[in-house]
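In: return atomic coordinates for the entry below.
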Amino acid sequence: MDARTRALKRFAAGPLQGVGLVAYFVALPILIVTRWRSATGNGHPLVLRTLLVVLALFWVAFLINVVRAIRHRDGRTDSGVAWLAGALMSVLPFLGSHHAPAVTTTAPHASSTATLQSTAPGLGVLLMTKRRRDTLRTDGSDDLALADVDLSPLHAVHHFLNGATAGVAIVPDDVFALPTLDEDDPVVVLSMSEQPGSTTVAFARPGATLPLPSPLSANQLRQQLVGLPDVRIVFADDEHGLLRALATRGRRTTVVFTGDPQSIDDELRALCVCVSADAVTPPPVVALSMLRSVPQVLGIAQPFVPSLRRRCVEMIAYLSVHHEPVSGERLRTRVLVNADVDASKATLANTATAVRRSLGSDDEGTRLHPVSGAGLYELHGVDCDIRRFHTLIARARRSQGDAALDAIAAALQLIQSEPLAGVTKGYEWFFLEGHLAALQRDGEWAALALAQAATDYGDFDTAFWALRQGITLDPGNDVLRDALYATPRLREFGRDGASRAQHEPISARGAVSMSWALARFGH
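Out: Residues are numbered from 1 along each chain as shown. Reported below is the predicted structural model:
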């Protein structure tokens, strides 16, 4: 009894509904046409025709569902639409050409490689399709044309590249005959050239450097690199972006670092795929200089509008220091505010337009991105000396020996004068959000560390210079001032330099203890 009930339900859900839908499909247009012509004689012609338009929309929606069912070709008959789609698919071949179709047979022992070569797309096409699909998924959209493409042969390519960390390989077309293993070993692949019967690719795994025969821009790498087997690629151009990408990456995510591999330490290089610095074309540099009395933006494409110049520079400074999307509301109430009066939306729009025009574009598009649907503003391609300062100090804290001292010296050399000493309007956020305090904290550590190491080596000029740079950032720092005045002077030494003052340490009270050799350091 239960089996017969289920059979009746399947019949009612499939063929019976399908026949009803056919009748609906044929009868509804006839009804719409006839009633539309006679609507003029009706007492309410507008209402009647509105109902007819709604019925026509229902008919179009039904037609779209049938076309989708035919496109997916899943073979189900548990609904009337699916049964009708299957019936149409079975009838379509008889409505086409009247010539007898050619019948091909395959021997039972024929090689499957030839079949794969004749039916599957080439490796270059599959890699491009995989990259396009990853881009659409990242943007939150989808493409039905790419949804039907079978990318499982790329697992075989990943299996073919197993065993080497990086290199250039010639992948034959018959690689698709290999097992399509789904492994967790990520690899980044770049298609270099495609010839009949094979494709040349460059590949690298995390911890290795991707070999490139010719320079490519960072944007070209973003468009051409593919992660295998089912790996998403995240790109980072500097050390700050690399740390952020590594901290937020998912399980099947590989980070590609497009900056100079020598600018990061070995631990970071082991976690990402690097690209040779000689193979990456550097984009035009636009630099924001804030470690000076008046902030400046260097390398812009067009001069700022004179009436908006101060607001433009401050907006660029805020977006560069934060290095993340910022809401327009925050820019109006915290950055573009004037005399405790929030800027209007028109002022924000005009300032953003002026900034976008002056900064220009690079390979990734306009440096100031178009405002998002959520009202967020984001900047890229602008080098900020404050971010470089903190990055160098962080590298020095992780390093030892000459590498740490070089990083500290490079950071202190960025300081040109007391930050914002010549600014008369704006930039309250720089103090309220703690950016100045962070600068002074890192500057004190760097100045004391380099001064102690230089004093131990006997290079008192370098020690004096380091402390002066730290005081430039923080003029009211008593520790730096005491250490500066305790630095030995040249008049305290005899001809042989053996005076007692030469061996007296600076009075930093043990704030930083460093005993590195400065064999190759000099200011």
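
In: lowest-pLDDT helix or strand in this structure?
Out: Using mean pLDDT, DSSP states H and E, helix 112-119 stands out as the lowest-scoring helix or strand of the chain, at a mean of 32.

In: please name every helix or strand in contact with the lengthiest helix in the chain.
Out: When the chain is parsed with DSSP state H, its longest helix is helix 45-72. Applying 3 or more Cβ pairs under 8 Å, 6 or more residues apart in numbering; DSSP states H and E, one finds that helix 45-72 makes contact with helix 17-37, helix 80-95. All C-beta atoms are positioned from the backbone trio N, CA, C, and that covers glycine.

In: those: lowest mean pLDDT?
Out: Comparing mean pLDDT across the helices and strands packed on helix 45-72, the weakest is helix 80-95, with a mean of 56.

In: Cys384 contacts Val285, doesn't it?
Out: No - checked against Cβ atoms under 8 Å, the pair Cys384 and Val285 is beyond contact range at 11.6 Å.

In: between the two, who's got more neighbours?
Out: Cys384 (24 against 11; other Cβ atoms under 10 Å).

In: Phe304 versus the more buried one, what's the distance?
Out: Summarising the geometry, the distance separating Cys384 from Phe304, computed by Cβ to Cβ, to the nearest Å, is 17 Å.

In: touching, Leu368 and Leu376? I think so.
Out: No - assessed by Cβ under 8 Å, Leu368 is found out of contact with Leu376, at 11.7 Å.

In: quick one: which of the two has more around it?
Out: Applying other Cβ under 10 Å to Leu368 and Leu376 shows that Leu368 carries more neighbours, namely 26 against 15.

In: who's in contact with the more buried one?
Out: When contacts are counted by Cβ atoms under 8 Å, 6 or more residues apart in numbering, Leu368 touches 319, 352, 355-356, 359, 377-379.

In: so which of those residues comes closest to Thr248?
Out: The closest of the contacts of Leu368 to Thr248 turns out to be Glu378 (Cβ to Cβ; 15.9 Å).

In: quick one: residues contacting that closest one.
Out: The neighbourhood of Glu378, defined by Cβ under 8 Å, 6+ apart, consists of 319, 324-326, 368-369, 372.

In: state the phi and psi torsions of it.
Out: Note on Glu378: its backbone torsions stand at phi -140, psi 150 [degrees, to the nearest 10].

In: per-residue confidence at it?
Out: pLDDT, read off for Glu378, is 92.

In: report the separation between it and Leu414.
Out: Here the criterion is Cβ to Cβ. By it, Glu378 lies 24 Å from Leu414.

In: mind checking the longest strand of this protein?
Out: strand 187-195 (DSSP state E).

In: what's the first helix or strand after that strand?
Out: Next along the chain after strand 187-195, taking DSSP states H and E as the criterion, comes strand 198-204.

In: show the average pLDDT along that following strand.
Out: Here the mean pLDDT over strand 198-204 is 82, rounded to a whole number.

In: next SSE after that strand?
Out: The C-terminal neighbour of strand 198-204 among helices and strands, as given by DSSP H and E, is strand 209-210.

In: and that following strand, which strands flank it?
Out: strand 273-275 (parallel) (DSSP bridges).

In: show me what the strand it pairs with is in contact with.
Out: Residues outside strand 273-275 that contact it (Cβ under 8 Å, 6+ apart): 188, 204-210, 212, 221, 254-258, 261.

In: ok, 6 Å please
Out: Applying Cβ atoms under 6 Å, 6 or more residues apart in numbering, the set of residues contacting strand 273-275 from outside is 188, 204, 206, 209-210, 256-258, 261.

In: and which of the residues you listed is nearest Glu239?
Out: Phe257 (8.6 Å).

In: what's across from that closest one in the sheet?
Out: In this structure, Phe257 has beta-bridge partners Ala236, Cys274, where bridges are defined by DSSP bridges.

In: can I get the contacts of Glu378 in a markdown table with distance to Arg397 and pLDDT?
Out: Formatted as a markdown table, the contacts of Glu378 follow (distance: Cβ to Cβ, whole Å; pLDDT from 0 to 100):
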| residue | distance to Arg397 | pLDDT |
| --- | --- | --- |
| Leu319 | 27 | 94 |
| Glu324 | 23 | 86 |
| Pro325 | 28 | 91 |
| Val326 | 28 | 92 |
| Leu368 | 33 | 92 |
| His369 | 32 | 91 |
| Ser372 | 35 | 88 |
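
In: that'll do, ta.
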